[in-house]
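1. Fold the following.
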Amino acid sequence: MKTLIISDVHLTHRFDEKKFIFLKYLLSSVDQVILNGDFWDGYRTTFDLFLNSQWNQLFPLLRAKKTVYLYGNHDQQKFSDKRVSQFSFIQKENHKIKTKDVTYHIEHGHLLCPSIDLIYPLSKKSLFYINFFFQKIEHILTILRSPHNILLKHENAKIKRCLSSVQFPYWYICGHTHYAELDMKNKFANSGSIQFGQATYLIIDSSGISLQSNWY
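-> Okay, here's the model as predicted:
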């Protein structure tokens, strides 16, 4: 059984053919899919526009893979409705995968590491412009392959400190920070994101957990 975990894909109503081709290939290569939050972006589009966009060509494939859809901060449950079943088989806030020796707890990560949109009561218009600004900055830095990830890595460290303080008993797998990381010592993994031509994601199979990275 080969399980793919992706997060922070941030799809909108705007279609990107290169990204579509990559996602279709990636989804086709595994047995099961877990969408770990921010699959679509409710700060940049509406659920109706997203559902009716060309991204819906992925929906039959996601359904065929018995996809588990976990809500994030950009695709909160209140932003959508029962039509999430068009692209997922199960919807929830967190999920566990149990193997013979390991339990993996999977959730987006925004509850342990709240971002500005969850801390302050901002209007949807304000969230749109804030999100637009940070997306542009991240896009430029990703293209330049800048070492800006040191700031994002700090957010992962905050999550790990929270987990350590409560002696979290399982592997903890998240997204949210956009910083891909596999920390075997602390049983922590972050799937990163699939944006701006760069894709990072996690695979769980009989060999354990691994972090993959590609450009598309």
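2. In contact with Leu112, which residues?
-> 158-159, 162-163, 174 (C-beta atoms under 8 Å, 6 or more residues apart in numbering). Just so you know, the C-beta spots here come from the backbone N, C-alpha and C atoms, and that holds for glycine as well.
3. among those residues, which are in helices?
-> 158-159, 162-163 (DSSP state H).
4. With pLDDT, neighbour count and distance to Tyr104 as added columns, please give those in TSV.
-> Formatted as TSV, the ones in helices among the contacts of Leu112 follow (pLDDT from 0 to 100; neighbours: other C-beta atoms under 10 Å; distance: C-beta to C-beta, whole Å):
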residue	pLDDT	neighbour count	distance to Tyr104
Lys158	92	12	20
Ile159	95	21	15
Cys162	92	14	18
Leu163	96	19	13
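5. Specify the local secondary structure of Ile203.
-> What DSSP: H, G, I helix; E, B strand; the rest coil gives for Ile203 is strand.
6. and it, how far is that from Val68?
-> According to C-beta to C-beta, to the nearest Å, Ile203 stands 15 Å off from Val68.
7. quick one, which of these two is more surrounded?
-> Val68 (21 against 17; other C-beta atoms under 10 Å).
8. What pLDDT is listed against Tyr25?
-> As predicted, Tyr25 sits at a pLDDT of 98.
9. go on, Glu155?
-> At Glu155, pLDDT is 89.
10. Run through the residues that contact it.
-> Here Glu155 is in contact with 113, 176-177, 179 (C-beta under 8 Å, 6+ apart).
11. next one: His13
-> 45-46, 49-50, 52-53.
12. Could you rerun that using 6 Å?
-> His13 sits next to 45, 49-50, 53 when contact means C-beta atoms under 6 Å, 6 or more residues apart in numbering.
13. Drop anything exposed from those residues.
-> 45, 50, 53 (16 or more other C-beta atoms under 10 Å).
14. Among these, which ones are in helices?
-> Phe50.
15. of all the buried ones among the contacts of His13, which comes closest to Ala189?
-> Phe50 (27.1 Å; C-beta to C-beta).
16. The closest one touches Phe39, doesn't it?
-> No. Phe50 lies out of contact with Phe39 (C-beta atoms under 6 Å); the separation is 9.3 Å.
17. which regions of the protein lie under the pLDDT threshold?
-> 116, 118-120, 122, 126-130, 132-133, 136, 138-151 (pLDDT under 70).
18. At which residues are the strands of it located?
-> In the chain, the strands defined using DSSP state E lie at 3-6, 32-36, 68-70, 90-92, 94-98, 103-107, 171-174, 181-183, 188-190, 194-195, 198-205, 208-215.
19. Dump the ones you listed to a markdown table, plus distance to Glu17.
-> Shown next, in a markdown table, are the strands of the chain (distance: least, C-beta to C-beta, whole Å):
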| stretch | distance to Glu17 |
| --- | --- |
| strand 3-6 | 18 |
| strand 32-36 | 21 |
| strand 68-70 | 24 |
| strand 90-92 | 28 |
| strand 94-98 | 30 |
| strand 103-107 | 29 |
| strand 171-174 | 29 |
| strand 181-183 | 30 |
| strand 188-190 | 28 |
| strand 194-195 | 14 |
| strand 198-205 | 15 |
| strand 208-215 | 15 |
